[in-house]
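Engineer: Need coordinates for the following:
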Amino acid sequence: MSRLTKAQAKAHQEACDLLKKEVLTFDEKWFVLENWQESATHVNTVAGAFFTPPGLARDLSMEVGGRRIIDLCAGIGTLSFLVKERSCWGNAPDITCVEINPDYIAVGRKLLPEATWIQASVFDLPPLGRFDFAISNPPFGNIKRGGKDAPRYRGRQFEYHVIDIASDIANHGVFIIPQTSAPFRDSGERGHREAKDVAYLAFEQRTMIELGAGAGYDCSVHQNDWHGVAPKVEIVTADFVEARARRAGLISSQADLFSIPRAAE
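Structural biologist: Numbers count the residues shown, from 1 in each chain. Purely as a prediction, here's the structure:
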């Protein structure tokens, strides 16, 4: 647990008081998203659990579409909340949130009661079918995994494990990961540049997943909006249909990208 300022502690308590209500208004939900402090009662640095700033979640939501969406390591559901709000004028997506911490789920159910909430580790997912999109702001770095690994990736970066797992259950993915884990640098830079280090290349080789920049959002504008940390991050996208086709040997050249069987989706 970290020490909060008086203002943070006061706002956190107000958020806790709001959560005692049966139903929250949109403004009340937004207040909770901005002020409920994950570090108030949990040692979140150990689990690497830092909730996404709402502004950054809104940027990520612009990359998300489809009917079925799964939010892995969902926390209190900030990403899913913004995805749902962005689509509120159309057909609302069917959202499934997976989170291991029951306290976070209790908050998330008040913010996003429409979602299906599942208490589980991403390494022990129940059968859930196929999703159009997987989204996540997973724990960063060398986080304890209880001796478990993703289907193909065997390295230390927790975020790569989550992306590898997502590639088996979704057709596309959008993730917030450390800038050092992305194959490019956009945020806080004067321009886009490629930056594939040894760890990323090993991930790509083992999983056949290529991470892209999507619309190239500058995540540095939200760097000081996190609670207790100020990480440099990037929003990355992935085409998992393509990754699965590569694993199956259906793609051996760039031209093959146009002939991926639609049944693979």
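
Engineer: mind listing what's buried in the strand or helix carrying residue 27?
Structural biologist: Per DSSP states H and E, residue 27 falls inside helix 26-35. Neighbour counts using 16 or more other CB atoms under 10 Å place 28-29, 31-35 of helix 26-35 among the buried residues. From N, CA and C alone the C-beta is placed, and that goes for glycine too.

Engineer: Please list all residues in contact with the residue nearest in space to the middle of the chain.
Structural biologist: Per CA atoms, centre = their mean, the C-alpha nearest to the average position across the chain is that of residue 136, at 1.2 Å. Going by CB atoms under 8 Å, 6 or more residues apart in numbering, residue 136 touches 71-74, 79, 162-163, 166, 173, 175-176.

Engineer: which regions of the stretch 51-200 of the chain lie under the pLDDT threshold?
Structural biologist: Confidence mapping of the stretch 51-200 of the chain against pLDDT under 70 gives the ranges 88-90.

Engineer: one more time with 90
Structural biologist: Counting by pLDDT under 90, the stretch 51-200 of the chain contains low-confidence ranges at 86-92, 141-147, 189-192.

Engineer: What are the boundaries of the strands in it?
Structural biologist: Here the stretch 51-200 of the chain has its strands, by DSSP state E, counting those that start in this stretch, at 68-72, 94-99, 116-119, 131-136, 170-178, 184-185, 193-194.

Engineer: Can you lay out those strands as a markdown table showing distance to residue 229?
Structural biologist: As requested, these are exported to a markdown table (distance: least, CB to CB, whole Å):
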| stretch | distance to residue 229 |
| --- | --- |
| strand 68-72 | 20 |
| strand 94-99 | 19 |
| strand 116-119 | 25 |
| strand 131-136 | 17 |
| strand 170-178 | 11 |
| strand 184-185 | 19 |
| strand 193-194 | 25 |
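
Engineer: closest to residue 143 out of these?
Structural biologist: Ranking the strands of the stretch 51-200 of the chain by distance to residue 143, with CB to CB as the measure, places strand 170-178 first at 11.9 Å.

Engineer: can you list contacts of that closest one?
Structural biologist: Residues outside strand 170-178 that contact it (CB under 8 Å, 6+ apart) are 52, 56, 60, 63-64, 66, 70, 130-138, 140-141, 159, 162-163, 166-167, 211, 214, 219, 231-241, 265.

Engineer: Out of the strands of the stretch 51-200 of the chain, which gets nearest to residue 145?
Structural biologist: Proximity of those to residue 145 was assessed by CB to CB; the nearest stretch is strand 68-72, lying at 13.7 Å.

Engineer: Who does that closest one pair with, and is each partner parallel or antiparallel?
Structural biologist: Partner strands and pairing direction for strand 68-72 (DSSP bridges) are strand 94-99 (parallel), strand 131-136 (parallel).

Engineer: wait, isn't residue 195 in contact with residue 181?
Structural biologist: No. In this structure, residue 195 sits apart from residue 181 without contact. The criterion is CB atoms under 8 Å, and the distance is 10.1 Å.

Engineer: These two: which has the busier surroundings?
Structural biologist: residue 181 (22 against 15; other CB atoms under 10 Å).

Engineer: That'll do, ta.
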